[in-house]
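**Q** turn this into a structure:
(4 chains, ligands or ions: 2)
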Amino acid sequence: MKKTVGILRFLGTNCDRDVWQSVEALGLEAQWLWFEDQFRCEDFTAFIVPGGFSYGDYLRCGALAAKAPVMSSLREAAAKGYPVLGICNGFQILTEAGLLPGALVRNESRKFIDKWVELKIANLAGWATALRSGETLRLPVAHGEGRFYVEDDELKRMHDQGQVWMTYVENINGSVEAIAGVSNRSKNVCGMMPHPERAMFSWMGGEDGRSVLNSLLR
Amino acid sequence: MTEQELQTHFKKYRLNRGEYDRICSLLGRPPRGVEWALFSALWSEHCSYKSSRLHLKKFAFKSKRVLQAMGENAGVIDLGQGEKVAFKMESHNHPSFIEPFQGAATGVGGILRDIFTMGARPIALANYLCFGEPSAKRMQTLVEGVVSGISGYGNCVGVPTVTGQTEFHSSYNTNILVNALAVGLFCDGDPVVTSNARGAGNLVVYVGAKTGRDGVHGASMASEAFGAESESKRPTIQIGDPFMEKLLIESCLEVMKRDLVVAIQDMGAAGLTSSSFEMAAKGGVGFRIHLDHVPLRDSSLGPEEILLSESQERMLLVCEPGKLEAIKAVFHRWGLDACSIGEVTTGTDVELYWKGDLICQIDPKLLTDNAPMYDRPYDSWTARNKKQSLQAEPVALDKSLRSVEGTSRQWIYQQYDQRVGGATVRDCEHDVAVVRLPHSGRALGLVLGCRPSIMRLDARLGGYDAAFYPALELAAKGFQALAMTDCLNFGNPEKPEIMSEFVASVDALADAAKLLDAPVISGNVSFYNETLKQNITSTPATGLVGLRDNVDSIPSSHFNQNCERIYLWRFDAIQMVGDQLGRNPHFTGDMNPAQVAQWLGLVLRASHLPNIHATKVVGKFGLGYALYRMCQGELGARVELGEWAPDLAAFGQERMYEVLFSGSQSALKDLTELAHGSETSVWDIGGVTRGELTLGGERKDLSALHGLYRGGWSENFPGLS
Amino acid sequence: MKIGVKILPKNEVLDTQGRTVENTLRAHQREVNQCRVGKYVQLDINESDETKALARAKEIAEFVLYNPLIETYELEVVKR
Amino acid sequence: MKIGVKILPKNEVLDTQGRTVENTLRAHQREVNQCRVGKYVQLDINESDETKALARAKEIAEFVLYNPLIETYELEVVKR
Ligand SMILES: Nc1ncnc2c1ncn2[C@@H]1O[C@H](COP(=O)(O)OP(=O)(O)O)[C@@H](O)[C@H]1O
Ligand SMILES: [Mg+2]
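**A** Ligands and ions are numbered 1, 2, ... in the order given. Below is the predicted model:
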């Protein structure tokens, strides 16, 4: 049986097709999970919350999507230890839903930033088998509100638990300690601002996204 | 109506005596009630193209790839292998000057609707921007507002902005240009849907945002020159909602794909009026519309305002009655409402009802097909700036790199999502944007054209260049140009000088399209870009689409290997001096358009040579500037003096046309062979090195040059960083 | 003295955020008649006289904080 | 009844917008001690009793309008 990856879609999600293309490129099966529906965790091997502008980014990025019905199923999947990856707006949704620590606020420059950046893998998430600690990757970012913020005590707790898994080599948006990706305590739920699905083929300008998605989905 | 009342109406509805007489003779009586508003909107320059229609016929030429041309929402070309693309460019100049953020945002929204209303999924956006001098009043705010408006809208709907062009000149100080282009893709089996209404008894359905007072009389406003009072005389500003647009894209594509609609049209300029009248007129059917069924955001709106409102993100469609429920279900799933506001009738009139009363019944063709057409006076073109010899020194490299014309545009495009969609092969950093076609794996190239500085030099040359320069950029990356779109931005057409430039550049553009076998398949005219009697530089912006078989081995825009050789291929037609630094623009030489087009074919072949690795078309500021632009990081160049550049100043000489290549030693022989017999010259002018750009023995430190090029932006726009 | 500037989209202007929040609230059984989303700016002004502080805040609001084409604003003295 | 929800970034969170406004004001000789930029949400609630309306607004604010990690909020009754 092929492994099926559930891809969540909210109104305004716009990296859904891109993620689908990447999942297929890795030889896996993908299935849409519509924001209004619930699902059975057992039918899937992993979940991705793609990027975009759910609900137009209105009010606060990810805040409105975090309330959608599909999130209660995702919560259950997270609790059962299924791998869950939130990319960009998906990361924002996971923090708003309380599945990941911290919050993502407006970039220090106040401007949207689209560019290729260097990233460093800091700690490994439980699923990140294809990544090596200390490894650097080159991936594109594209966000206006990607500055990771967390209070000091919480940050300390996160470090103790090894929940900071990816950092920017150059802090492009003013994130606390240049954090680009974090995980929950049990490390099955991860979020990252960069877009691995935009670095899957050499014609895209780089292929480092493969190792990220590969680790998650194998 | 007394003479005085008539005058008041003329003013309010922006119609003149001659047009009024024409209306009276078409109707057999004077207009009454909402008819005034209807004629005002549909006979405006913006909707009727009354000053340009006569000349736009020159674009009638088609190639075998053309499936839809002028007249539909966008042109469509066949790429073969089951793939087709629709594309179009449109202006939003006036609204962007009034409220830059919303003006630019709604410009992007409007052009996207033109594309997906045909059934194509938008896959790329581009923008052509002309601003005034950085020191002009409000200019920093305008630049910031326009760029964030484009990024705010484009990023949110999830369509990548892959290329653009940004120009600065004092002639745009009080009238900026904001032109947006969108490309949409049809894959195997996607229907091309038109706006021709059909079938008596079918329903007219309204979807999308509710109607508000936004932009009432916007279409006729856009057809008027700016006066001093424009800044205060503002209708309710149209607000763009990219989130709503995203929902509309997905839901409209779904109903079209499932064959639930007969015809569909977005509500653009002049809102419900133009969409319903055009749909009925094109289909040769009648419409019965209940204006009081239109969903309103503001319940105090009357029928005239409902007809003219330019609220954004609204669509009108026609469907069979039995399909309404299925349509509603699709829209509902995407969080939108659809409701029937009327039906198609057996006659040919549009009947408008308000709370049960028939308030207007009129044949829509009187408003569309019978709009006036003017043959505005113009003179045949004379090349006034042509001189025996050139009289001014070129601009030095350091100066050009940090100038507002020459500095990096990264501040702009870094704010655009260039990669959403997962198909971007070449982003805004490159001369030609490239998007991968998902089914065939082929590459679609996109590039904008029109150099205002050439237009100021000579409108005829400028018109040719608006097609040739971007076509050359495509060719240099191995793309065959297939078709183009245009956005003709001009001043007041009632002035013969302006009209003469219009005609000269349109004639040239049309001729170039034929020579390149790249027909103009869609476009837009924006006249009256005139404020307080100052007209903008005539600016016929273009967008060209090209195709190549694969996404691999597209020549780079930058040097990519140390020690490679650098070649220059020159087709020497025109040498010129631009108007930077207050110089009088002038040129020498002649251009034979047919020969340029032939040479373009040779460049295309050269760019496919396996020993060619990078290419760049030489443009503004000449050879030195283009060589710098090929330098990246540590990789620079050492170029000697020679026949191609007898002295240092020659590195700043501008011409039409030259292309730079870099590649291995063996490429010289191949290039020379290709050039053989074409009256063009190929030279080995130097080599790729590290850390320096040395031109004719004058060495410049590369990192210093990078500093100038990147720092130029914040030097010119200290407030925007 | 702290002055609060409450900025809302004009009534006749489309409020894209408000519309979306309204829909979300409805979907979660929290229907409201209307929701409008604007900005709240708090200025801490070096001025202890209320009238003068308000006058300075007004001047600042009109200078840069709000866009008269699409927004309206109101001032308040922040008591703490 | 209309209830206003004033939302401000917490003091510890760097308020980039506020800082930009501060800088602009300083550059134009309009210096302020501090400027913070947040959101103003106006809810029109179908409820004429003030206490009840405030309670509903509070519930809505805590449900979705503000994020306690980074923001604080305050309610007010809008009198007109
Ligand atoms: N408004 C814009 N939007 C997106 N990209 C832009 C814009 N303006 C310029 N660019 C990009 O910046 C690059 C440099 O543009 P330009 O200054 O016009 O120089 P060039 O003459 O090399 O095309 C181009 O590759 C173009 O794609
Ligand atoms: Mg260019």
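**Q** drop to CA atoms for contacts and neighbour counts, all remaining ones
**A** Fine.
**Q** show me where pLDDT drops low in the chain?
**A** No chain specified, so I'll use chain A. Low-confidence segments of chain A (pLDDT under 70): A:1-2, A:124-130, A:218.
**Q** should've been chain C
**A** Residues of chain C that meet the criterion pLDDT under 70 lie in C:80.
**Q** for it, which segments count as strands?
**A** Using DSSP state E, the strands of chain C run over residues C:2-9, C:34-44, C:71-77.
**Q** wait, which of those is closest to residue B:198?
**A** strand C:34-44 (39.5 Å; CA to CA).
**Q** can you tell me how far residue B:318 sits from residue B:677?
**A** In this view, residue B:318 and residue B:677 are 58 Å apart by CA to CA, to the nearest Å.
**Q** cool, residue B:701 as well?
**A** Applying CA to CA to residue B:701 and residue B:677 gives a distance of 39 Å.
**Q** who's in contact with stretch B:96-103?
**A** Stretch B:96-103 has contacts (CA atoms under 8 Å, 6 or more residues apart in numbering or on different chains) with B:92-95, B:104, B:142-143, B:145-150, B:174-176, B:178, B:231, B:237-240, C:69.
**Q** just how off-centre is that stretch within its chain?
**A** Put simply, stretch B:96-103 sits 17 Å off its chain's centre (CA atoms, centre = their mean, to the nearest Å).
**Q** could you pull up the mean pLDDT of that stretch?
**A** Across stretch B:96-103, the average pLDDT comes to 96.
**Q** endpoints of it, how far apart?
**A** Span of stretch B:96-103 from end to end, CA to CA: 4 Å.
**Q** buried sites along that stretch?
**A** By 16 or more other CA atoms under 10 Å in any protein chain shown, the buried positions in stretch B:96-103 come out as B:96-103.
**Q** quick one on the thing from earlier: who's more crowded, residue B:318 and residue B:677?
**A** residue B:318 (28 against 9; other CA atoms under 10 Å in any protein chain shown).
**Q** residues in a beta bridge with the more buried one, which ones?
**A** Per DSSP bridges, the residues bridged to residue B:318 are residue B:204, residue B:263.
**Q** list the contacts of it.
**A** Taking CA under 8 Å, 6+ apart, one finds B:197-198, B:202-205, B:261-264 in contact with residue B:318.
**Q** how about whichever residue of chain C sits closest to chain A, nearest residue that isn't a chain neighbour?
**A** As assessed by CA to the nearest CA, chain A sits closest to residue C:17 within chain C, at 5.2 Å. Setting aside the residues directly before and after it, residue C:17 is nearest to residue A:58 in space (CA to CA, 6 or more residues apart in numbering or on different chains), at 5.2 Å.
**Q** so who does the one you found touch?
**A** For residue A:58, the contacting residues are A:64, C:17, C:20-21, by CA under 8 Å, 6+ apart.
**Q** same check, this time on residue B:565
**A** By CA under 8 Å, 6+ apart, the contact list for residue B:565 reads B:662-665, B:684-688.
**Q** near the residue in the stretch 1-150 of chain B that chain D sits nearest to, how many other residues are there?
**A** For the stretch 1-150 of chain B and chain D, the shortest gap (CA to the nearest CA) falls at residue B:141, measuring 12.7 Å. Residues near residue B:141, counting by other CA under 10 Å, number 16.
**Q** same question for residue B:587.
**A** Residues near residue B:587, counting by other CA under 10 Å, number 25.
**Q** hmm, it is touching residue B:579, no?
**A** No: contact between residue B:587 and residue B:579 fails when scored by CA atoms under 8 Å: they sit 11.1 Å apart.
**Q** just give the closest residue to the residue of chain C at minimum distance from chain D, not the sequence neighbours.
**A** Closest approach between chain C and chain D, counting by CA to the nearest CA: residue C:39, at 4.1 Å. Leaving out its chain neighbours, the residue that sits closest to residue C:39 by CA to CA, 6+ apart is residue D:39, at 4.1 Å.
**Q** show me the beta-bridge partners of that neighbour.
**A** Beta-bridge pairing of residue D:39 under DSSP bridges involves residue C:39, residue D:7.
**Q** if we can go back for a sec, who touches the residue of chain C closest to chain D in this structure?
**A** For residue C:39, the contacting residues are C:6-8, D:37-41, by CA under 8 Å, 6+ apart.
**Q** spell out which parts of the stretch 101-250 of chain B neighbour ligand 1.
**A** Residues of the stretch 101-250 of chain B lying near ligand 1 by CA under 6 Å from any ligand atom: B:127-129, B:163-166.
**Q** output the contacts of residue C:39 as a markdown table; include the columns distance to residue A:214.
**A** Converted to a markdown table, those look like this (distance: CA to CA, whole Å):
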| residue | distance to residue A:214 |
| --- | --- |
| C:6 | 49 |
| C:7 | 47 |
| C:8 | 47 |
| D:37 | 41 |
| D:38 | 40 |
| D:39 | 40 |
| D:40 | 43 |
| D:41 | 43 |
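**Q** adding distance to ligand 1, write these out as CSV.
**A** Below are those laid out as CSV (distance: CA to the nearest ligand atom, whole Å):
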residue, distance to ligand 1
C:6, 34
C:7, 31
C:8, 31
D:37, 29
D:38, 30
D:39, 31
D:40, 33
D:41, 34
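**Q** contacts only, for the residue of chain C closest to chain A.
**A** Shown in contact with residue C:17 (CA under 8 Å, 6+ apart): A:58-59, C:36-37.
**Q** how about residue B:716?
**A** Contacts for residue B:716 (CA under 8 Å, 6+ apart) come out as B:134, B:403-404.
**Q** quick one, phi/psi of the closest residue to ligand 1 within chain C?
**A** Closest to ligand 1 within chain C is residue C:67: 24.4 Å, counting by CA to the nearest ligand atom. Torsion angles at residue C:67 (phi, psi; degrees, to the nearest 10) stand at phi -110, psi 110.
**Q** over to residue B:687?
**A** The phi/psi pair for residue B:687 (degrees, to the nearest 10) is phi -140, psi 160.
**Q** apart from its chain neighbours, what residue comes closest to it?
**A** Residue B:687 sits nearest to residue B:565 (CA to CA, 6+ apart), 4.4 Å away.
**Q** beta partners of the one you found?
**A** Where residue B:565 sits in a bridge, its partners, by DSSP bridges, are residue B:663, residue B:687.
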